[in-house]
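Chemist: just the structure for this:
(2 chains)
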Number of protein chains: 2
Amino acid sequence: MVPVEARIRMAWQASIFGEHLGRGSGIGELMDDLGHALASGGDEILMLGGGQPAHLPEVAQVWQQQIEKMVSQPEQVQHVLSHYEQPIGNTAFRRSIASLLQREYGWSVGPENIAVTAGGQTALFFLFNMLAGSHSDGSHRQVLLPLIPEYIGYANQSVAGEMFRGVRPLIERLGSHQFKYRVDFDAIELDDRVGAICVSRPTNPTGNVLTDQEIRRLHEMAVSVDIPLLVDQAYGAPFPGVVFEPIQPFWDEQMILTLSLSKLGLPGTRTAVVVARPEVIDSIQSVTSIVGLANTNLGQALVQPLLDDGEISRLCQNVIRPFYLQKSQLAQAWIRDSFDDQLPYRIHVSEGAFFLWLWFEGLPIHSQELYERLKRRKVLVVPGHHFFFGLDEDSWQHRSECLRVSFSMPEAIVREGIRILAEEVENAYRAGK
Amino acid sequence: MVPVEARIRMAWQASIFGEHLGRGSGIGELMDDLGHALASGGDEILMLGGGQPAHLPEVAQVWQQQIEKMVSQPEQVQHVLSHYEQPIGNTAFRRSIASLLQREYGWSVGPENIAVTAGGQTALFFLFNMLAGSHSDGSHRQVLLPLIPEYIGYANQSVAGEMFRGVRPLIERLGSHQFKYRVDFDAIELDDRVGAICVSRPTNPTGNVLTDQEIRRLHEMAVSVDIPLLVDQAYGAPFPGVVFEPIQPFWDEQMILTLSLSKLGLPGTRTAVVVARPEVIDSIQSVTSIVGLANTNLGQALVQPLLDDGEISRLCQNVIRPFYLQKSQLAQAWIRDSFDDQLPYRIHVSEGAFFLWLWFEGLPIHSQELYERLKRRKVLVVPGHHFFFGLDEDSWQHRSECLRVSFSMPEAIVREGIRILAEEVENAYRAGK
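Modeler: Okay, here's the model as predicted:
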């Protein structure tokens, strides 16, 4: 039962960097599944695995209109296709992002607090490796993840050695078929080996949204030892805003936020935003220029006009959030319909993002085996154990009892996928294997 | 006289990765200059510094037509903007690249030999760090650069520690105002600390094109110790094909090539291609998924239709190459016109790429000082010392006597820039400081 296979070899001798990053990973497997499902045209495979945003006609129309407008101005096409932008991103775009944050949340930010990166995944790759890992004084620092399970895409991002210190959460059982993770503050040890604290909000994979109170306590901890608190808002505020609970987004110079255009329906443009103190922004600019010269221009160009007139907020509040909220509620209803009520299945309370996080307590098979059985039936999900990393203890049974199911695909796919999932889970419980 | 200032600090304690990549660099300075020149609208600044491709109306028209065609098909827009492609790149695009290489050069390659990355700079960041740096057996490997000066963008790409072993070239003086670098094969030591050999062809910054004979000898050396020979063809074959000498491009499984769409006029799409044995391609796919999930789709979508019908080769041979050849010849003529024939200036033979590489033997000031004097007169160039890295000896005077001048901008800018350059160089020689 090897969660991540070291199955890719380069034939030439790989460095530590090559060994860590070049030999497959959970996120690699996920992207592979996603790519194959896409290549198949989605006809045969029930894709409940990826973070692929849904096709929302009203949103697609906005991007279609924006790109038509762009294409009608050859000078703008010329700018978007044919110019190296500054590594930190387009100045007008950065100004507009800062204005949006000022306007919506009253934050004291300007363009000097904003950097563009090639997607949120890349922003975190830069930030984790800048703040943690080996230091020139011989020390080795870690990123504290105060609530595991956390985003699978972080797990292999260290350029050398284990980087994460995960903390097991408190589990609150709600009724017979729901639960919620809570940060176990008593279990957090902050010593000088911690270089940063990081959470995703909403949490990928669970759809949990840390409460304002939890964020405030984490912020206090970050202040107490003067390390940054990173909050990955790829699914959160201000866009796409897929948060179903009333929260008050927060930023100050102790914090680093990452925002992304992907879940607005623009993952193909690879565009994200970092909000941080100017020194961090300067460092991001430096890393970007060395690693990739500059960012792509298209995403920034398409979104910028919608930032200033408030259209982006309208889209998120009136179209995107209600859509995913309804998708979540439907998927939960289908689970209740498909699963035998006597089975000990539990759904994490769905407070945001595109996923349901399922827990099958006492499941006789490992989540990897469940994933493979489902894959044989052409249902793709993400087995939960990939999201449990940075933990010392191997013995925690819960790690192999969970599954992430996306509800962003069309209803027929999600519904049929859930039906097959219920069959397989029931079979496993019944057969005891 | 500090070539690369460690001037950017993050306030929070940076890791070794953060120190290496996050504190400015020659390439960062260059991109900064480029961005500011761009932001100024190009009105005030004479930009002879970047690798920005020229505005070729015939090429711009091709991309305008391609993007119009794409936009007229909302399904394709949807695919390009809203889908995560496989990390390795779009399958049809990879097939078409492989077919082009088969057709043009007879290479035995298929899509399994092709990976897409977010630009050539990123491809080399991955490859250098996968093949060199720290290994888990405790060894530390280097990338051998058989002919220094080499591309400024490599210099800071190691995630930890010095990575490059540069070799000083032979200098062949040609007439009173030309010269050419040759690989000094006698000076190359291949030991087990070398993990890869790398050259850019044409060489950025010099416009030198390594001869087929030089490539063959480097290939033999790579074979003899079984390490890869990397050839960065960002300006070379098969696109944009800005090579003014008859050469026979070559690839086999001992080699890794990087190609780029940037110099076709698409730098804003950040798209490059790696050609290598399948094991390397698999590793690139793994690294891409971890570092950035996937690539941007736009560049692949715009170029793919031109690969199969041979339009790309026609563009390169009939439009792009002749254009830059003429630009090079004009720029050389303006230098001859502007510089006092008695001054000991030399131009490296211009065999490809977008630059002239100038050598001012015995120049009484450092190239950094010359760069700054020119910048004060609103002429941006790249001082040559940034391109000399991985060398042990600090005493080689030649390192501070060179300058890279781009000839890709409109004639009025290049001509006036060269005129001011000639004045400043003459002043320095005359004043002895």
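Chemist: what about the stretch 151-300 of chain A, any weak spots by pLDDT?
Modeler: Along the stretch 151-300 of chain A, the model assigns pLDDT under 70 to no residue.
Chemist: got a list of what the residue in the stretch 301-433 of chain A positioned nearest to chain B touches?
Modeler: Nearest residue of the stretch 301-433 of chain A to chain B: residue A:302, at 7.7 Å (C-beta to the nearest C-beta). Every residue, glycine included, has its C-beta placed from N, CA and C. Going by C-beta atoms under 8 Å, 6 or more residues apart in numbering or on different chains, residue A:302 touches A:63, A:66-67, A:70, A:266, A:269, B:81.
Chemist: what number of residues lie near residue A:76?
Modeler: Here the count is done by other C-beta atoms under 10 Å in any protein chain shown, and residue A:76 has 14 residues near it.
Chemist: now swap in residue A:174 and tell me
Modeler: Neighbour count for residue A:174, taken as other C-beta under 10 Å: 12.
Chemist: which SS class is the residue nearest to it when sequence neighbours are not counted?
Modeler: Spatial nearest neighbour of residue A:174, excluding adjacent residues (C-beta to C-beta, 6 or more residues apart in numbering or on different chains): residue A:180 at 6.2 Å. Secondary structure, DSSP: H, G, I helix; E, B strand; the rest coil: residue A:180 is strand.
Chemist: residues in contact with residue A:180?
Modeler: With contact set as C-beta under 8 Å, 6+ apart, residue A:180 has these partners: A:171-172, A:174, A:208, A:348-349.
Chemist: where along chain A do the helices fall?
Modeler: Using DSSP state H, the helices of chain A run over A:16-21, A:26-39, A:57-71, A:74-82, A:91-105, A:120-131, A:212-225, A:278-292, A:298-308, A:311-315, A:321-338, A:367-376, A:411-431.
Chemist: residues of the stretch 101-250 of chain A that sit close to chain B?
Modeler: Within the stretch 101-250 of chain A, the residues that sit near chain B (C-beta under 8 Å from any C-beta of the partner chain) are A:118-119, A:121-122, A:125-126, A:129-136, A:141, A:153, A:156-157, A:159-160, A:195-196, A:226-228.
Chemist: rerun at 10 Å
Modeler: The stretch 101-250 of chain A comes close to chain B at residues A:117-137, A:139-141, A:153-160, A:163, A:192, A:195-196, A:226-228, as judged by C-beta under 10 Å from any C-beta of the partner chain.
Chemist: so what's the gap between stretch A:409-423 and the chain middle?
Modeler: Centroid separation for stretch A:409-423 versus its chain: 22 Å, with C-alpha atoms, centre = their mean, to the nearest Å.
Chemist: avg pLDDT for it?
Modeler: In this model, stretch A:409-423 has a mean pLDDT of 96.
Chemist: can I get that stretch as CSV, trimmed to CA atoms?
Modeler: This file holds the C-alpha atoms of stretch A:409-423, laid out as CSV (Å, rounded to 0.1, in the frame of the first residue of the first chain):
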residue,chain,number,x,y,z
MET,A,409,-19.2,18.3,-13.1
PRO,A,410,-22.7,18.0,-14.7
GLU,A,411,-25.3,16.5,-12.6
ALA,A,412,-25.7,13.2,-14.5
ILE,A,413,-22.0,12.5,-13.9
VAL,A,414,-21.9,13.4,-10.2
ARG,A,415,-25.1,11.5,-9.5
GLU,A,416,-24.1,8.3,-11.3
GLY,A,417,-20.6,8.5,-9.8
ILE,A,418,-22.1,8.8,-6.3
ARG,A,419,-24.4,5.8,-7.1
ILE,A,420,-21.4,3.6,-8.0
LEU,A,421,-19.4,4.9,-5.1
ALA,A,422,-22.2,3.9,-2.7
GLU,A,423,-22.2,0.4,-4.2
